[in-house]
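[1] I'd like to go over a predicted model; first the sequence, then the structure.
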Amino acid sequence: MAAPILEVEDLGVEFLTDHGWVRVVDGVSFSVGEGETLGLVGESGSGKTVTSLSVMQLIPVPPGRISGGSIRFAGRELVGMSEPQLEDIRGDDIAMVFQESMTSLNPAFTIGEQICEVVRRHRGCSRREARDRAVEVLELVQIPDPRSRLGAFPHEFSGGMRQRAAIAMALACDPKVLIADEPTTALDVTVQAQVLDLLRSLQERFGMAILFVTHNLGVVADLCDRVAVMYAGRIVETATVFDLFESPQHPYTEGLLQAMPQLGERGKRLAAIPGTPPMPWQMPTGCRFHPRCPYAETACTEQDIPLRALAGDRHVRCRRVEELTLEGAQ
Amino acid sequence: MSDATASEFEQLGASVSARRRFLRRFMRQRTALFALGFLVLLALGAVFAPWVAPYDPLAQNLDRVLEAPSLAHWFGTDELGRDVLSRTLFAARISLLAAFQAVLIALVIGVPPGLIAGLAGGRTDNLIMRLTDALMSFPPLILAVAIVAALGPSLTNAMIAVGILLSPTFLRLMRGTAMAVAQETYVEAARSIGCTQSWIIMRHILPNVVSPLFVQISVFAGVAMLAEAGLSFLGLGAQPPDSSWGAMVGRGFRYISHSPSLIVFPGLAIAVTVLAFYVLGDGLRDSLGREIRREE
Amino acid sequence: MLNFILQRLLALVPLLFIVSLLVFSLVLIIPGDPAYMLAGEDATPEEIAAIRTDMGLDDPALVQYARWTAGVLRGDLGTSLFSDQPVLEVLLERLPVTISLAAAAIVFSLLISIPAGVIAGTRPGSIADRVVTLGASTGLAIPNFWLGLMLILIFAIWNGWLPATGYVPLSENPAAWLRHILLPAFTLGLSAAAILTRQLRGAMIDVMNQDYIRTARAKGLAWRFVVLKHALKNAAIPMVTILGLQANYLLGGTVIVEQIFGMPGLGQLAVASVFTRDLPMIQGVVVMAVFVAVFVNLLVDISYGWFNPKVRPQ
Ligand SMILES: Nc1ncnc2c1ncn2[C@@H]1O[C@H](COP(=O)(O)OP(=O)(O)O)[C@@H](O)[C@H]1O
Ligand SMILES: [Mg+2]
């Protein structure tokens, strides 16, 4: 693995809700190497967005707070860093693309203005230079006739175009880390594939590290080098894409793999994981997955399961990892 | 047929429990309850003014004119030596009554056409809404002055003018609810089994609109009181010997540098009472719950 | 753009038609006989009848309406029953007073409501928010004539800092204009400020929770910058609509404020005309006021496109 550019260690995030302070992200650790693509995978509500926003230090406070842990970018600690310093990093060194392109672009400003603004903020360049840069990045994300599109408003773009523009905006200052939070979830399948291709080619060309957040394991296989699987606010397994697909070590990962439509055998019924994830204010004791786990034993319900290191730089949070042989994808 | 009855029951049950929830939420709004308490006390004070007031509000005492507040006359005396506190208490009757008169007129003018527009739709609706838009394009107080000019200055005429000005909001509220309800399947079902319009109105629209209507009534009682005060201040509302708070301020205007208390107390009475109506309205609105508020 | 304006103007035609009907019908509901008033106390019935015929009061209502509308379209609003001057002339003389009062009140209400609404709306639930919210409710509850009198009492009578009454045209002496307009504009603008503040606070709370605010922050833009640029422009959209409505209320409010501060504007004219039962003058004031209100709303409609590109005409 290349030298880590982004390291998250034992991250805890809490929100103040009707149930008091609830911890929605609990002891999450992972790292992304320079030029590496890490997939962060889990069902909706598992804390992926909260984790990504923590890296940006954009958790809404209140109601949220980072209750512990450390986030380091190129060795610099982001937790507790002063706001002006963080602002210098956001959009310049670490950029983010959000899930809903419809709502994440400001409807009252042109696409050009929204791209220029970030360039001018970090490059301190003139209006004209910023416009040139905006045209350049719009070209990069394959928006036809970019110069004339600078004056367009978000509602004049299609969903796929908006997401491309959002990617262009994120790339405008050549970030070293790109966080993409389900960038294709809101798009049609064909457009989804195009945007993924685009991300892959941009990554090959510019070599930035990507934290790619998704609930779809199928997407991960195409794009990522390594994967971290999240469940109920915790990492339950990390491995290279190849290892994870070939021999998942956590029952939850196995469940996700079986639920993947593309890879299921013909005629075999898709096995969605039964049950639903727990609410963050009523986490099960012991292994948080045990109520839904086909392999759960009484002992699984009793005490917290630590994340254990396995051979080949893999980690898994299951006390039966030695006994179980789980089914991978072909 | 049985389908219609079943969903009708559901609907009735839903609106009954919605109202109960509304009441429960309202009981938790402390400032709104406080405002309601104040308004009730004020109404009692107005009703029992002859017993509560220290003096006859019309009794002149030319030896003691334009006095500052004192132990004998808490709010001072006016240019004819009348006790301002007693006059303020008696004026509360006129001010409160006038406000409710205006709101009542607004309801009478606004509710039926709103229902008709919402239920009939099409051309009728279009015509009614155009009229409403035209009415709302007038600067309100200027229209009120013009109406009073045509009808002649009197409190009733002033309140007719204010009622006309307030009616479009009620009209829109009723129309919106009627339109929403008319599209519900249970109303279509009711129609298809031959239920009459008035049955539909009674059974389905009114229960839905009661709570938002109360919010609006409370706020408009405040607005109407302000409008009445303004018109009476100008001499276009309450006529002597009757006196409302606005009229008291209007007459006190002449003695502003000598006896500010003539203006201060009735003005404060207006401000506090109107604020109470607003706070009550805000509290009612907050108690509506999301499901109803969205329909507004 | 020109197309857009033309379209709006065209849409106004039915509205203005209904308005003209309503204004004209004031004549029909009036109980007294204008001819009687004009002729004076001891006119003979023959004299009154002659005046009636002269004024066209014996014609059918429809004919009278047509005549009146035709006059209005030609700019002829009739003659004052009180002073024999052409109504339009009087109105145009007084219009600048009312316009400058209303405009100053709008400026004043924006100067208060924008900072107050932004501060409250970006920190909902804070002490600052509660102070602003309570202040706005109070501002709505205070009768403007009372506020005006209190201001006169404090700033003119007790301290003598500002003049209590009168008006000086802006073109004549800007400093004196400002001194004369300050108290009336504050009086007139306070309730608009309160309403705009409440509106902006609500819109701001809404907008600050939008995803694009987070996006803007993720670009490294400072919070203050994001609030003042990205949030405010979006929050201004509903506020512009309210401002249009408020323009009507402000014009109405001039009736009282001009009376208190002795300003020779349309509002004062309206009240004076009620007491002299000068119906053509009242009709003229109403027509002029509606005209101004409609014009202001047209301006608001046009500016709306700047804030909200989605409704911008192509
Ligand atoms: N602003 C917030 N207030 C309270 N709870 C929140 C907030 N944002 C997220 N959460 C909670 O945090 C948990 C994780 O959410 P999220 O990170 O959005 O999940 P994911 O992105 O994996 O779908 C959820 O249970 C969600 O309810
Ligand atoms: Mg998410």
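    Arrived safely, thanks for sending. Ligands and ions are numbered 1, 2, ... in the order given.

[2] SS state for residue A:12?
    Under DSSP: H, G, I helix; E, B strand; the rest coil, the three-state class of residue A:12 is strand.

[3] who touches it in this structure?
    Counting by C-beta atoms under 8 Å, 6 or more residues apart in numbering or on different chains, residue A:12 touches A:23, A:25-28, A:66-69. In short, each C-beta sits where N, CA and C put it, glycine included.

[4] show me the contacts for residue 183.
    Reading this off chain A. With contacts defined as C-beta under 8 Å, 6+ apart, the neighbours of residue A:183 are A:97-99, A:163, A:166-167, A:195, A:199.

[5] can you look at chain C instead?
    So residue C:183 contacts C:148, C:151-152, C:155-156, C:162, C:164, C:261 (C-beta under 8 Å, 6+ apart).

[6] what residues of the helix or strand containing it count as buried?
    If you go by DSSP states H and E, residue C:183 is part of helix C:174-208. Residues of helix C:174-208 classed as buried: C:177, C:180-205, C:207-208 (neighbour count, 16 or more other C-beta atoms under 10 Å in any protein chain shown).

[7] just to revisit the earlier point, can you add secondary structure, neighbour count and distance to residue C:168 and give the contacts of residue A:183 back as TSV?
    TSV is the format used below for these (DSSP: H, G, I helix; E, B strand; the rest coil; neighbours: other C-beta atoms under 10 Å in any protein chain shown; distance: C-beta to C-beta, whole Å):
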residue	secondary structure	neighbour count	distance to residue C:168
A:97	strand	29	59
A:98	coil	25	56
A:99	coil	21	60
A:163	helix	30	60
A:166	helix	28	56
A:167	helix	24	60
A:195	helix	23	65
A:199	helix	23	67
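
[8] what would the residues you listed look like in JSON lines with pLDDT?
    What follows is the contacts of residue A:183, written out as JSON lines (pLDDT from 0 to 100):
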{"residue": "A:97", "pLDDT": "93"}
{"residue": "A:98", "pLDDT": "91"}
{"residue": "A:99", "pLDDT": "86"}
{"residue": "A:163", "pLDDT": "89"}
{"residue": "A:166", "pLDDT": "92"}
{"residue": "A:167", "pLDDT": "91"}
{"residue": "A:195", "pLDDT": "86"}
{"residue": "A:199", "pLDDT": "88"}
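
[9] can you narrow these down to the ones near chain C?
    If you filter those for contact with chain C, counting by C-beta under 8 Å from any C-beta of the partner chain, you are left with A:98, A:166.

[10] nearest to residue B:74, of the contacts of residue A:183?
    Using C-beta to C-beta, residue A:98 is the member of those that sits closest to residue B:74, with 64.2 Å.

[11] for the closest residue to the closest one other than its chain neighbours, which residues are in contact?
    On the basis of C-beta to C-beta, 6 or more residues apart in numbering or on different chains, the spatially nearest residue to residue A:98 that is not a chain neighbour turns out to be residue A:104, at 4.1 Å. Residues touching residue A:104, when contacts are defined by C-beta under 8 Å, 6+ apart, comprise A:98, A:166, C:211-212, C:214-215.

[12] any chance of those residues in a markdown table with distance to residue C:306 as columns?
    Listed next are these as a markdown table, based on distance: C-beta to C-beta, whole Å:
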| residue | distance to residue C:306 |
| --- | --- |
| A:98 | 27 |
| A:166 | 24 |
| C:211 | 23 |
| C:212 | 18 |
| C:214 | 25 |
| C:215 | 22 |
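
[13] those: which two are farthest apart?
    The most widely separated members of those, counting by C-beta to C-beta, are A:166 and C:214 (12.1 Å).

[14] which residues are in contact with both of these two?
    Among the neighbours of residue A:166, those also in contact with residue C:214 (C-beta under 8 Å, 6+ apart) are A:98, A:104.

[15] follow-up on the earlier one: now, which of the contacts of residue A:12 sits nearest residue A:284?
    Nearest to residue A:284 among the contacts of residue A:12, counting by C-beta to C-beta, is residue A:26 at 12.8 Å.

[16] pLDDT wise, what is the closest one at?
    According to the per-residue confidence, residue A:26 scores 91 in pLDDT.

[17] spell out the secondary structure type for it.
    Applying three-state DSSP to residue A:26 yields a three-state assignment of strand.

[18] for chain C, see how far away it is.
    23 Å (C-beta to the nearest C-beta, to the nearest Å).

[19] what sits against the residue of the stretch 51-200 of chain A found nearest ligand 1?
    Scanning the stretch 51-200 of chain A for the residue nearest ligand 1 gives residue A:63, at 4.9 Å (criterion: C-beta to the nearest ligand atom). Counting by C-beta under 8 Å, 6+ apart, residue A:63 makes contact with A:15-17.

[20] buried among those residues? Make that a PyMOL selection.
    When burial is assessed using 16+ other C-beta under 10 Å, the buried subset of those is captured in PyMOL by this command:
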select buried, chain A and resi 15
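
[21] sort the contacts of residue A:63 by pLDDT and name the bottom one.
    Across these, no position has a lower pLDDT than residue A:17, which has 86.

[22] so who does that residue touch?
    Shown in contact with residue A:17 (C-beta under 8 Å, 6+ apart): A:63, A:281.

[23] and with 7 Å instead?
    By C-beta atoms under 7 Å, 6 or more residues apart in numbering or on different chains, the contact list for residue A:17 reads residue A:281.

[24] any idea how far chain B is from it?
    When C-beta to the nearest C-beta is applied, the distance between residue A:17 and chain B equals 18 Å.
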